[in-house]
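*Asks:* Need coordinates for the following:
(2 chains)
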Amino acid sequence: MKPGHGEVLIAEGDVELADDERRLVEEFRRQLQDGQWAAVPLSDVTGRRQAQMVKSFADVPRDAERVIFFPRAAGGR
Amino acid sequence: MLLALVATALVAVALLSEELLPRLEELWSRHRARRRVAPPMPYDPGRERRAEQRARTLLRSCVNEEEWAMYRDLGFIRVWGAQADGPAEAGGTGGAPYAYLIHPHRAIVAYMAQTHRLLNEYCVAFPDDTRPYGSARLPDSDDVLAKWMALTGDEKRLICTANMHLPGRQLDPAKVKRDLWRLSQWERARLRAAARRAGSAPGSSEPGEPLDTAG
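*Replies:* Coordinates of the predicted model:
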């Protein structure tokens, strides 16, 4: 998510392919180092939607379609 | 003596560096991201509208149909609270259901689901300090999605990060109560519409009753 732009595709690939996975892991780490939070939108069997906050690439479910990065929360006024 | 102290200090620094270096690098990169000066960018309403359109598409793809319809029709989303005794500093809910109202770029309001008693306001923002287009503010729908993800993903963490205030500091309690009334009316209307649809669905017709297939 970006101010003035909205959704931006950062990287895409297949985690089953070693090269793709390496690239995705690097990008994931870079985003977190830049201070972003990461979340995976999920849907359970009842159709309920929720997000799973992830702090490392290993936390991302292998079948996740996407990871969304957004600026970390700060106390507002 | 001095030599021994220096040697000990060197060993300690060497041992600690493995732990400290990644943290220092992270702090430095965050500091650089904050200091990065974006060139002044004139406000472009077209760009902002396109950004909001993209943000709405993303939000719609993440939340469920009811939440999306709520946002489209009412301008906010309700998220049910998941903590056993309510959000922090709310004085405990005794296990009664509570929820949050998420408005774009406004405080999150916690309230008791049955009585509509307002619990607290949680002021939270998701500023992008790199200001890619001159502003640190996410599009409205991205702000709502960020709050939705943070609340459904880790409610406690978001509530602890936010600045908590009593109801009425940022949002007019009368306006929030009106939003809750609008929400209940909206839910009733949806239930009625769903009942009508179920009543007119082909599966609900009596056996042997001819189906109306006229256009």
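
*Asks:* and B:P87, which of the three is it?
*Replies:* coil (DSSP: H, G, I helix; E, B strand; the rest coil).

*Asks:* Tell me how many other residues surround it.
*Replies:* 26 (other CB atoms under 10 Å in any protein chain shown). No exception for glycine: its C-beta is placed from N, CA and C like everyone else's.

*Asks:* all helices for chain A, in order.
*Replies:* A:18-33 (DSSP state H).

*Asks:* swap in chain B?
*Replies:* Using DSSP H, helices in chain B cover B:2-35, B:45-62, B:65-74, B:140-161, B:173-200.

*Asks:* So which of those helices is the most surrounded?
*Replies:* Ranked by mean neighbour count, the helices of chain B are led by helix B:140-161 with a mean of 23 (mean count of other CB atoms under 10 Å in any protein chain shown).

*Asks:* Could you check the angle it makes with helix B:65-74?
*Replies:* 110 degrees (axes from the mean of the first three to the mean of the last three CA atoms, to 10 degrees).

*Asks:* average model confidence for helix B:140-161?
*Replies:* Mean pLDDT, helix B:140-161: 95.

*Asks:* how deep is A:D34 tucked in, by neighbour count?
*Replies:* Considering only other CB under 10 Å, A:D34 is surrounded by 18 other residues.

*Asks:* returning to what we had before: so for B:N120, which of the helices of chain B sits nearest?
*Replies:* helix B:140-161 (8.8 Å; CB to CB).

*Asks:* The closest one and chain A in contact?
*Replies:* Yes. Against chain A, helix B:140-161 shows contacts by CB under 8 Å from any CB of the partner chain at B:141-142, B:145-146, B:148-150, B:152-154, B:157-158, B:161.

*Asks:* quick one, what contacts the nearest residue to B:T161 once chain neighbours are set aside?
*Replies:* Nearest non-adjacent residue to B:T161, counting by CB to CB, 6 or more residues apart in numbering or on different chains: A:A73, 4.6 Å away. By CB atoms under 8 Å, 6 or more residues apart in numbering or on different chains, the residues touching A:A73 are A:W37, B:V124, B:A125, B:F126, B:A146, B:A150, B:L158, B:T161, B:A162.

*Asks:* Now do A:A73, the pLDDT please.
*Replies:* pLDDT, A:A73: 94.

*Asks:* separation between it and B:R23?
*Replies:* To B:R23, A:A73 is 21 Å away according to CB to CB, to the nearest Å.

*Asks:* what does B:G86 give?
*Replies:* 35 Å.
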